[in-house]
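>>> here's my sequence, what's the structure:
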Amino acid sequence: MLENISAFDGIVVGVIIVSAIMAFARGFLRELATLGAFIGALAAAYYARKFFSTTVAGLLPEGSHPLAPDIILVVSAFLIVYVIVAWFGQSLSKSIMTNGEIGLFDHIAGLVFGIFRGFIALVFFAVLLNVAVEHDRVPPFISESFSYPYLEQIADRVTGEAEEASREIGAQLQP
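Sure, this is the predicted structure:
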């Protein structure tokens, strides 16, 4: 068991520890507000592009790059919504944190959230590695590590579930 420990396992532990410490220091409510701001900003960018792309394209001078309206909309909508929602979330978090009894629980919940976030980031790395690199070309310090086989199993399961969900949604959208 210990003979399989490699530098990649150190990286895995480091990612989880750094994520946990950051979330512990910030607290669960602030982490949740940041996550909500990010998701809200992604949704705003998507819908801004979907509904306003042709309008912005009409406002740009002729000869502009065809992606210019999309880039302008996505970047501006994302940044505006992210800043506004993050500011509201941090204000809410600060007002809740003035209650000392909630503070300790908030930090401990943040620690747990950070551990899960680090783990999810590592699974996402394994998914990307599986997509980008053939299995036999994964560097040995990763493929022969203690943690990578577990991450790879979870990544395969996540990928399989995502493909199945994609097929189901596609079938439901067909007329």
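>>> got the contact list for the residue most central in space within the chain?
By Cα atoms, centre = their mean, the mean C-alpha position of the chain lies nearest to Ala121, the distance being 7.3 Å. Each residue near Ala121 by Cβ atoms under 8 Å, 6 or more residues apart in numbering is listed here: 15, 19. Just so you know, the C-beta spots here come from the backbone N, C-alpha and C atoms, and that holds for glycine as well.
>>> that one and Val18, how far apart?
10 Å (Cβ to Cβ, to the nearest Å).
>>> what mean pLDDT would you report for the host helix or strand of Glu31?
Secondary structure assigned from DSSP states H and E places Glu31 in helix 28-59. Confidence over helix 28-59, taken as the mean pLDDT, stands at 90.
>>> relative to its centroid, which residue of the chain is most remote?
Distance-from-mean max, the chain, by Cα atoms, centre = their mean: Glu62 at 36.7 Å.
>>> now that residue, what's its secondary structure?
What DSSP: H, G, I helix; E, B strand; the rest coil gives for Glu62 is coil.
>>> any idea of the angle the helix or strand Phe105 falls within forms with helix 28-59?
Element membership of Phe105, judged by DSSP H and E, is helix 100-132. With axes from the mean of the first three to the mean of the last three Cα atoms, to 10 degrees applied, the angle from helix 100-132 to helix 28-59 works out at 50 degrees.
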